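Visitor: Compute the structure for the input listed below.
(one chain, ligands or ions: 2)
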Amino acid sequence: MTDKKVFKFGNGTADGRREMKSLLGGKGANLAEMSAIGLPVPAGFTISTESCHFYGEHGGVWPDGLEEEVRAGVRHLEESLKEGFGDSANPLLVSVRSGAAVSMPGMMDTVLNLGMNDDVAAGLAKRHGGDERFAFDAYRRFIDMFGGVVMGVPHEKFEHAIERVKQESGVDSDVDLNAAQMKAVVDAYKKIYHDHQGESFPTDPWEQLRLSINAVFGSWNSARAIKYRRINHIRGLIGTAVNVQAMVFGDMGDTSGTGVCFTRNPSTGEEELYGEYLINAQGEDVVAGIRTPEDISRLKEEMPGPYDELLRWTRKLEEHYQDMQDIEFTIQEGTLYILQTRSGKRTGTAAVKIAVDMVAEGLVDKRRAVGKLVEPRHLDQLMHPQFKDPTSFKDKIIGQGLPASPGAAVGQVVFTADHAEEAKAVGKQVILVRIETSPDDVGGMDAAQGILTTRGGMTSHAAVVARGWGKPCVAGCGDIVVDYEAGEFRSGKVVVKEGDWIAVDGSTGQVVLGRQELEPPKMGGNFETFMSWVSDFQTMNVRTNADTPPDAARARELGAVGIGLTRTEHMFFEGDRISKMREMIMASTEAERRAALAKLLPFQKEDFIGIFRAMDGYPVTIRLLDPPLHEFLPHEEADQAAMAKSMGLTTAAVKAKVDALDELNPMLGHRGCRLGVTYPEITEMQARAILEAAVELSAEGVTVLPEIMVPLIGTVEEYTDQRDVIKATAEKVFAEKNRRVEYMIGTMIEIPRAALTADEIAKEAEFFSFGTNDLTQMTFGYSRDDAGKFLPQYVDRKILPYDPFQTIDFEGVGKLVKTGTSLGRSVRKDLKVGICGEHGGDPASVRFCYHVGMNYVSCSPFRVPIARLAAAQAALEEEDVKAEKGAVMA
Ligand code: PEP
Ligand code: MG
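Guide: Ligands and ions are numbered 1, 2, ... in the order given. Just a heads-up that it's a prediction; the model follows:
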């Protein structure tokens, strides 16, 4: 145990520093740091976490020497404030707070105004110009907090008592109570304390302090705190620190005040002091909204001295912390105190502007700007339209679903894809509302401004397609009940009819009534500058999931260096391709199937030509057909009849086929490579389309790097079966064209068995791409499409820490990914490994992939910048960790 147990701060010096979090807790280390760099922080001291640990281990006994050090700490406060602890003529009051190395609710809250008793209250009033109301107000707050937080008197008892006094006095608000009435509150509180504890509350300030410190120590091992640490996997901490600090008062008349400010504007990033304050008020009054705070610019006129000082500190703080700061301050009788500083929360626009400006101002370097000043999620906001004023419609939110695809959209409600397309044709803006979507709906999804589904998760059809297009989507919004027949949906008592205006925000999952105002995306300028710096630090590549040439081109603009997944099935829906696809499915002989496939070939080839061209010089991974065939057939009777008619078949024949393809568990059914194994002619057609396109373009001088990918294998034999078909087809194409191209054949790893036998598979396959959508589905046994029914509850109740379809489950699915990668590379050292599940665009998962040693992650075009920043930050973080280790070793 460290000799020193109490660390003082204040008056421009400190015993501690910000690096000493494990000993001083986060709050204590920060107070020390602020004080050490000269900030006018009210003096105080921090009792070490080791002391807390000792107390816990020794049945509630303080370690030797702590008592003396605490007394010396209080003396330090008395000297710097020129006040005396328990001195009624000139009383020092203190606050006591807990503070572990990680912020941790569940431990003891704050006790303010400690040191109070009848004599002190009287002295306090006298010292403040006879202001008895001020003194009794401080007194009652103390009894409430000490009684409640330290001794466990139920807080409601105090609440009821003050309500009673207000009623008797005929006032509505606490601030309207006069001195006598406030004194009546104090008396009532004393009685409550006595009745609950069976004795009067301790009037000796030292006793108050001792009990409060013990309460903080004890709260470390409270059931709540232990549970919180367990749920949040907080391990390796020994206890909480205790911070004791001199009270300063912003409510000592018109030369006092309190406020909060940001060193730059947190919504635009402009370099200006931004914030608000209240004269003659306590900190909580600013937050409580009882009085309306003034804009910080007025402080310049009201209190020029403290204002100038504050302004000077903001610059100093930004220089020191190398970031925009969010500051809490109090002015006590003309003297400025800084109570807290931390990096300020900001919008995406502000984050990028501040990062770029701070580099230009020489405050930070590019490394820090990329590593710390912008969060990946900030970039999301810049690439999509947003609500102009999200605070304006709090009472109009009618549903909360999953934030499936970011950006805000407004439009009139339609319930079918056809209606969406019709409305778009006449210039209307619509939101397509469906229980869930299917590939049949893509036309309408494309026509809509935004998509809302009431069922399905983050990898549901609607979510995946919308993200791919960068179209706002809220998925799985269970608050809403759709009635297609009635042409309406309900959310509680609200009924929304087809044609009514709604808005959805795919960044937050909110569904809002009415035609809310939007503002356009803000790419360009600062965004481009910032992204160019990101490239400098990015070591892992980011590819994109794209199925069309325009998507591929957009992703390239956003910095993608290849395609990690082309889902070829998406190409079969457009225009009359679907009818050719249906012909293939309806075929009853191989010859018929081949004839239909031959009609599809030119379309596939055309698409590949477009994609290869857009990705000139970059690799393109193309996956063979994956979904079960029934997805390509209509399920409504009228549609089946129409299909039959156009194909010259009977409706009964179509219906029979639909029935035959019907599966109980389509996700585990006849899909993926199982299709190619049973119908090799499909694989042949696709391989031919890919390689013919490649050969023809390479003849034109385009650099094509095709990677043909087999989906959903569980055994190496499934892979080799398909590989042999692809290879044979390739040789035929090369011979016919009298020209060869380099190409690779590899596989998705998306079935647990494939991950577990990856060494066998890597002997044959040239690359792996982890399909973590299916891998998550099959590892947990959660259906991708149905998990929305229970996952939100699982997350709410902390049965799962988060939705594993959004962020990879590090411990389970992640273990399979790690195992698969290392097994694969144990037999093929240079095995190219990537990920193409939706996790490829999730910052925490990207970080995971970086540490697994993947060559790339692949995500929807609009998430490419996010993944790039996450990849760069992962690399920088690793460098920092290595540098720290190096420093320790040296
Ligand atoms: C996956 O399973 O992660 C994947 C990318 O394939 P899909 O989502 O098309 O099944
Ligand atoms: Mg898959």
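Visitor: next SSE after the helix or strand bottoming out on mean pLDDT in the chain?
Guide: Scoring the helices and strands of the chain by mean pLDDT, DSSP states H and E places helix 283-288 at the bottom, with a mean of 65. Going down the chain from helix 283-288, the next helix or strand is strand 294-295, by DSSP states H and E.
Visitor: Which strands or helices does that following strand pack on?
Guide: Contacts defined by 3 or more CB pairs under 8 Å, 6 or more residues apart in numbering; DSSP states H and E place strand 294-295 against strand 274-279. Yep, even glycine has a C-beta here, placed from its N, CA and C like the rest.
Visitor: tell me how far the strand it packs on is from the chain's mean position?
Guide: Relative to the mean C-alpha coordinate of its chain, strand 274-279 is positioned 30 Å out (CA atoms, centre = their mean, to the nearest Å).
Visitor: how about that strand: buried residues?
Guide: Residues of strand 274-279 classed as buried: Tyr274, Gly275, Glu276, Tyr277, Leu278, Ile279 (neighbour count, 16 or more other CB atoms under 10 Å).
Visitor: I'd like to know how far the first one sits from Phe329.
Guide: Spatial separation of Tyr274 from Phe329 under the definition CB to CB, to the nearest Å is 14 Å.
Visitor: hang on, the earlier thing: of the buried residues of strand 274-279, just say which sits nearest to ligand 1.
Guide: Tyr274 (43.2 Å; CB to the nearest ligand atom).
Visitor: which residues does that closest one bridge with?
Guide: Phe262 (DSSP bridges).
Visitor: contacting residues for it?
Guide: Contacts of Tyr274 were listed using CB atoms under 8 Å, 6 or more residues apart in numbering, and they are Cys261, Phe262, Arg264, Asn265, Pro266, Ile296.
Visitor: Please apply the same query to Tyr802.
Guide: Counting by CB under 8 Å, 6+ apart, Tyr802 makes contact with Val795.
Visitor: Surely it is in a helix?
Guide: No - using DSSP: H, G, I helix; E, B strand; the rest coil, the assignment for Tyr802 is coil, not a helix.
Visitor: State the phi and psi torsions of it.
Guide: phi -170, psi 170 (degrees, to the nearest 10).
Visitor: and the gap between it and Gln793?
Guide: 13 Å.
Visitor: What parts of the stretch 551-700 of the chain come near ligand 1?
Guide: Residues of the stretch 551-700 of the chain found near ligand 1 (CB under 6 Å from any ligand atom) are Leu565, Arg567, Asp626.
Visitor: Which stretches in the stretch 101-250 of the chain count as strands?
Guide: For the stretch 101-250 of the chain, the strands defined by DSSP state E, counting those that start in this stretch occupy 111-114, 241-246.
Visitor: Residues of the protein that sit close to ligand 1?
Guide: Counting by CB under 6 Å from any ligand atom, the residues of the chain close to ligand 1 are Leu565, Arg567, Asp626, Glu750, Gly771, Thr772, Asn773, Asp774, Cys836, Gly837.
Visitor: Excluding chain neighbours, give the residue nearest to Glu50 in space.
Guide: What sits nearest to Glu50 in space, not counting adjacent residues and going by CB to CB, 6 or more residues apart in numbering, is Met1, at 5.0 Å.
Visitor: What separation is there between the one you found and Gly65?
Guide: 10 Å.
Visitor: what does His320 give?
Guide: His320 sits 33 Å away from Gly65, taking CB to CB as the criterion.
Visitor: just Ala215 next, same as before
Guide: Relative to Gly65, Ala215 is positioned 21 Å away (criterion: CB to CB).
Visitor: These two - which one has more neighbours?
Guide: Neighbour count, other CB atoms under 10 Å: between Ala215 and Gly65, Ala215 has more, with 22 against 13.
Visitor: For ligand 1, what is the nearest residue in the stretch 251-400 of the chain?
Guide: Closest point on the stretch 251-400 of the chain to ligand 1, by CB to the nearest ligand atom, is Pro376, at 20.1 Å.
Visitor: Could you check how far the closest residue to Thr110 other than its chain neighbours is from Leu31?
Guide: The shortest distance from Thr110 to any non-neighbouring residue, by CB to CB, 6+ apart, is to Arg97 (4.9 Å). In this view, Arg97 and Leu31 are 10 Å apart by CB to CB.
Visitor: quick one: Val857 is in a helix?
Guide: No - read with three-state DSSP, Val857 is strand and lies in no helix.
Visitor: partners of it in the sheet?
Guide: In this structure, Val857 bridges to Val542, Ile835 when assessed by DSSP bridges.
Visitor: start the count at 601, not 1, going forward
Guide: Okay, residue one is now 601; in that scheme the one you just asked about reads as Val1457.
Visitor: circling back: worst mean pLDDT among the strands of the stretch 701-850 of the chain?
Guide: Mean pLDDT across those is lowest at strand 711-714; the value there is a mean of 94.
Visitor: Give me the contact list for it.
Guide: Strand 711-714 is contacted from outside by 693-697, 738-739, 741-742, 745-746, 749-750, 805, 808-809, 812, 847, using CB under 8 Å, 6+ apart.
Visitor: where in the stretch 1301-1450 of the chain is pLDDT low?
Guide: Along the stretch 1301-1450 of the chain, the model assigns pLDDT under 70 to no residue.
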